[in-house]
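**Student:** Sequence first, predicted coordinates after that:
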Amino acid sequence: MYILSVIILVIGFVLLVKGADFFVDGSGSLAKKFRVPVFIIGMTIVAMGTSAPECAVSISASLSGSNGMAISNVVGSNIFNLLVVCGMCALFQPLVIKKETLKKEFPFSVLVAVLLGIMGLIGMMVGHLDGIILVVIFILFLIWMVRSAKKTMQTGGNVDGEAEEIRDLPMWKCLLFIGIGLVAIVIGGQMVVNASETIARGLGLSETLIGLTICSIGTSLPELVTSVVAAKKNQAGMALGNVIGSNIFNILLVGGVASAISPIAMTMNNLIDIVILIIVSLYMMVLVWKKQLLTRAGGVSLLVIYAAYMVYICVREVL
């Protein structure tokens, strides 16, 4: 059983890596054709594509009544995205962060985390109505992003100065690359999660710990691989947009749909994890605010914080 799970794990990783490569090339070329900033492409198409595994796992968990795993997966994935995905990307290519992003999209991602915490604190549950509210906010967010893209196209804006690094593919090939990449990412992510979960359960780990570690890390692998590939191809805008967009997507749509299907009971540990998510978000904003740049040293600090967080939740589980 363990040997089969390891084989499935390896195949899943291969699909994730190759799928991310296709997805980044196709999305970047599409952005170049329509003169849409790759940051916006990252915030929307890429973010939703790479968040598909979180969506599948959390909604499946909600349908099966494993709501502890659903909320832990969402919060754990967001913490992983900020600390590990951004940290790893900065090691390959320091991330340039626009002032506008620090004033708009990034604070919005923090606000939705605060909103989730407030909803969970009231009655220690995120109910049906809360879920519907989160989904409605997500729809409004998408409309905002589409309008931003249209405004950029109408004003003849560039693609964040990254067009030179992006392959110019025919339209049919852009769509084919995006489609193949998305399918490979979703299937690969699911294979990694299922195999990891089988191994974890065999080792006797709890549902909450599985949600915060195996599932959150496993379902965030598409974001990690896609963002690192984008950073290596000098498409930092797509890398950062993918992280911020995925975090917003996870809370508003994944968390919203999961709680709308079945109310999610919140524990004190869940609320603590949300507070940690908010704190690390603010820490990253402070880290990059002055120079609008996430340096390699900053990336290392994010990875160290994540390692400390992993130790904390493992110790918390034992105690």
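**Tutor:** That came through fine. Numbers count the residues shown, from 1 in each chain.
**Student:** now the stretch 51-200 of the chain, which segments are flagged as low pLDDT?
**Tutor:** Residue ranges of the stretch 51-200 of the chain with pLDDT under 70: 51-69, 149-150, 152-167, 189, 193, 196-197, 200.
**Student:** Helices of that one, start to end?
**Tutor:** Shown for the stretch 51-200 of the chain, the helices assigned by DSSP state H, counting those that start in this stretch span residues 52-63, 67-80, 86-92, 99-103, 105-121, 128-154, 171-202.
**Student:** Nearest to Arg316 among the ones you listed would be which one?
**Tutor:** helix 67-80 (12.2 Å; CB to CB). Where C-beta positions appear, they are placed from N, C-alpha and C, glycine not excepted.
**Student:** Next, count neighbours for Val114.
**Tutor:** The local packing of Val114 (other CB atoms under 10 Å) involves 14 other residues.
**Student:** ok, back up a step: ok, which of the helices of the stretch 51-200 of the chain comes nearest Val300?
**Tutor:** Counting by CB to CB, Val300 lies closest to helix 86-92 out of the helices of the stretch 51-200 of the chain; the figure is 7.0 Å.
**Student:** any residues touching that closest one, and which ones?
**Tutor:** If you take CB atoms under 8 Å, 6 or more residues apart in numbering as the criterion, helix 86-92 is touched by 95, 224, 227-228, 230-232, 236, 239-240, 243, 284, 294-296, 298-303, 306.
**Student:** ok, now with 10 Å
**Tutor:** Residues outside helix 86-92 that contact it (CB atoms under 10 Å, 6 or more residues apart in numbering): 80, 95, 97, 223-225, 227-234, 236, 239-240, 242-244, 280, 284, 287-288, 293-306.
**Student:** Tell me the buried residues in it?
**Tutor:** Within helix 86-92, the residues that count as buried by 16 or more other CB atoms under 10 Å are 86-90, 92.
**Student:** Would you mind writing the PyMOL command to select the buried ones in the contacts of helix 86-92?
**Tutor:** Remark: buried members of the contacts of helix 86-92, expressed as a PyMOL selection using 16+ other CB under 10 Å:
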select buried, resi 80+95+97+223+224+225+227+228+229+230+231+233+234+236+239+240+242+243+244+280+284+287+288+294+298+299+301+302+303+305+306
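**Student:** Restricted to strands, list the contacts of helix 86-92.
**Tutor:** Counting by DSSP state E, the contacts of helix 86-92 place 95, 293-294 in strands.
**Student:** quick one: which helix or strand includes the residue most central in space within the chain?
**Tutor:** The chain has Ser246 as the residue nearest its centroid, 3.5 Å off, counting by CA atoms, centre = their mean. Using DSSP states H and E, Ser246 sits within helix 236-249.
**Student:** ok, back up a step: quick one: the buried residues of helix 86-92 as JSON lines, columns for distance to Cys314 too.
**Tutor:** As requested, those are arranged in JSON lines below (distance: CB to CB, whole Å):
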{"residue": "Cys86", "distance to Cys314": "23"}
{"residue": "Gly87", "distance to Cys314": "20"}
{"residue": "Met88", "distance to Cys314": "21"}
{"residue": "Cys89", "distance to Cys314": "26"}
{"residue": "Ala90", "distance to Cys314": "25"}
{"residue": "Phe92", "distance to Cys314": "28"}
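**Student:** Ile3: which of those is nearest?
**Tutor:** The closest of these to Ile3 turns out to be Met88 (CB to CB; 28.9 Å).
**Student:** Distance of that closest one relative to Trp172?
**Tutor:** 33 Å (CB to CB, to the nearest Å).
**Student:** and if you look at Ile185?
**Tutor:** 20 Å.
**Student:** now do Gly255
**Tutor:** Per CB to CB, Gly255 is found 36 Å from Trp172.
**Student:** Then Gly87?
**Tutor:** 36 Å.
**Student:** Neighbour count: Ile185 and Trp172, which is higher?
**Tutor:** Per other CB under 10 Å, whichever of Ile185 and Trp172 has more neighbours is Ile185, with 29 against 8.
**Student:** is it true that that one touches Leu15?
**Tutor:** Yes - between Ile185 and Leu15 there is a contact at 7.4 Å, judged by CB atoms under 10 Å.
**Student:** which residues touch Leu271?
**Tutor:** Each residue near Leu271 by CB under 10 Å, 6+ apart is listed here: 75, 116-118, 120-121, 124.
**Student:** Out of those residues, who's the most crowded?
**Tutor:** Highest neighbour count within those: Leu116, with 30 neighbours (other CB under 10 Å).
**Student:** dump the residue contacts of Tyr306.
**Tutor:** Contact analysis of Tyr306 by CB under 10 Å, 6+ apart lists 79-80, 82-85, 87, 217, 280.
**Student:** Kindly reformat the residues you listed as JSON lines containing distance to Ser148.
**Tutor:** Converted to JSON lines, the contacts of Tyr306 look like this (distance: CB to CB, whole Å):
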{"residue": "Ile79", "distance to Ser148": "27"}
{"residue": "Phe80", "distance to Ser148": "27"}
{"residue": "Leu82", "distance to Ser148": "22"}
{"residue": "Leu83", "distance to Ser148": "27"}
{"residue": "Val84", "distance to Ser148": "28"}
{"residue": "Val85", "distance to Ser148": "23"}
{"residue": "Gly87", "distance to Ser148": "27"}
{"residue": "Ile217", "distance to Ser148": "31"}
{"residue": "Val280", "distance to Ser148": "26"}
